[in-house]
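J.: Kindly return the folded structure for what I paste below:
(chains A and B)
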Amino acid sequence: DTAVSQTPKYLVTQMGNDKSIKCEQNLGHDTMYWYKQDSKKFLKIMFSYNNKELIINETVPNRFSPKSPDKAHLNLHINSLELGDSAVYFCASSGTPNQPQHFGDGTRLSIL
Amino acid sequence: KNEVEQSPQNLTAQEGEFITINCSYSVGISALHWLQQHPGGGIVSLFMLSSGKKKHGRLIATINIQEKHSSLHITASHPRDSAVYICAVYGDKLIFGTGTRLQVFP
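T.: Here you go, the predicted model:
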């Protein structure tokens, strides 16, 4: 009965590959987020969707594309992976954009 | 200078001590969020507040909107409180502090 689940938990791949990380929430929330946490443990928001509409799109390379097929899912697709993309990616959801967020366990992406 | 500053960056305490972690910000906000990241990496929401004070168990969060400052207090600290505590502010955009690493020793 996990509230926010991300898959995979670990992702090891080579530079130049394309990969996706999936996120699903069963809380009935309208808003979902993707965050990147770098090696210095600094959390930075990448995207946010509210009711399947993009509401936050921080300065992120075009290689990153979020996709929200429905309110319960927000997937992150990354093209042409680079070494600097190595990080932990967290998905989160909240009832509305200004309500407390529930986080997934994170996906550790390592680029070889 | 970061728009959200936390202090201290690192904090060690003995079990039972009263802990205070501070968050100062320089932008107008509608709300402030305190998060806890466990050593294993998981992130948990502790409080969301826009004024006054909130309490949950041994945790207390306060915010002073005029002074652009929030504090997170932990009473009777315990080794299981060891984690990184992060504040995030909701203004024009969501901005995170760099976190305070707390270690509580028995």
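
J.: Point out the residues in chain A that sit beside chain B.
T.: Neighbours of chain B within chain A, by Cβ under 8 Å from any Cβ of the partner chain: A:40-45, A:48, A:56, A:58, A:88, A:90, A:92, A:97-103, A:105-106. From N, CA and C alone the C-beta is placed, and that goes for glycine too.

J.: low pLDDT regions in chain B?
T.: Scanning chain B for pLDDT under 70 picks out the ranges B:1.

J.: What parts of it come near chain A?
T.: Counting by Cβ under 8 Å from any Cβ, the residues of chain B close to chain A are B:30-31, B:33, B:35, B:37, B:41-45, B:47-48, B:84, B:86, B:88, B:90, B:93-94, B:96, B:98-99.

J.: From those residues, which land in helices?
T.: Among these, no member is found in helices (DSSP state H).

J.: Out of those residues, which end up buried?
T.: B:31, B:33, B:35, B:37, B:41, B:43, B:45, B:47-48, B:84, B:86, B:88, B:90, B:94, B:96, B:98-99 (16 or more other Cβ atoms under 10 Å in any protein chain shown).

J.: Please, where are all the strands along chain B?
T.: Secondary structure of chain B (DSSP state E): strands at B:4-7, B:10-14, B:19-25, B:31-37, B:43-49, B:52-56, B:59-64, B:69-74, B:83-90, B:94-96, B:100-105.

J.: As a markdown table, those strands with distance to A:G84 would be great.
T.: Shown next, in a markdown table, are those (distance: least, Cβ to Cβ, whole Å):
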| stretch | distance to A:G84 |
| --- | --- |
| strand B:4-7 | 23 |
| strand B:10-14 | 26 |
| strand B:19-25 | 28 |
| strand B:31-37 | 22 |
| strand B:43-49 | 22 |
| strand B:52-56 | 38 |
| strand B:59-64 | 35 |
| strand B:69-74 | 32 |
| strand B:83-90 | 22 |
| strand B:94-96 | 19 |
| strand B:100-105 | 24 |
